[in-house]
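Peer 1: build me a model:
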Amino acid sequence: MSDLQDFLALPDVSDITKEIYINEQFGTFKVKPATEEQWSNYRNRCRSKIGKKGVDFNVSKFNLLVVAGHIIEPNFSDAEFLSQVGCSTAGEFIARKFLPGIIQDIADKIAAISGFDAEDNDINEKIEEAKD
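Peer 2: Modelled structure (predicted):
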């Protein structure tokens with residue numbers, strides 16, 4: 001088989017999972033990469049028009065959507081778990097329990113496994129590009 005055929009035979013991105021190290025407090029989480037459709041959906045949900053000023057982009061909301069949508073383990077979306085902690089969504093729980101810098105770090109790691117160059121993985125630059 002050629003290298004291209006080997007690549008094409010790999011699992012779809014929706015089947016890939018990775019473990020990422022968060023920090024000493026949280027250890028590792030199992031995450032999945034975002035598909036192009038998901039990434040685009042997150043960008044669209046975080047844009048808002050501001051008259052003549054153009055488009056505003058909510059970076060915090062974007063990061064929260066990425067993190068909440070792509071952590072597999074622990075399962076913050078489990079209904080029983082959410083009920084126990086008094087939250088209605090994984091995003092609400094994550095926003096309550098994680099510092100913004102940790103959310104940003106996890107979102108950056110998910111972006112890296114989603115194909116964004118890990119060495120040039122400034123999600124804020126990607127967001128600025130999305131505004132245009």
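Peer 1: which phi and psi does residue 29 have?
Peer 2: With angles defined as degrees, to the nearest 10, residue 29 sits at phi -120, psi 150.
Peer 1: residue contacts, it?
Peer 2: Residue 29 is in contact with 19-20, 22, 71-74, 106, counting by CB atoms under 8 Å, 6 or more residues apart in numbering. (Glycine included, C-beta is placed from N, CA and C.)
Peer 1: once you drop chain neighbours, what's closest to it?
Peer 2: Using CB to CB, 6 or more residues apart in numbering and skipping residues adjacent in sequence, the residue nearest residue 29 is residue 71, 5.3 Å away.
Peer 1: give the contact list for that neighbour.
Peer 2: 29-31, 90, 106.
Peer 1: quick check: the two most widely separated of these?
Peer 2: Spatially, the most separated pair among the contacts of residue 71 is 30 and 90, at 14.1 Å (CB to CB).
Peer 1: give me the more crowded residue out of the two.
Peer 2: Neighbour tally, residue 30 and residue 90, criterion other CB atoms under 10 Å: the higher count belongs to residue 90, 20 against 14.
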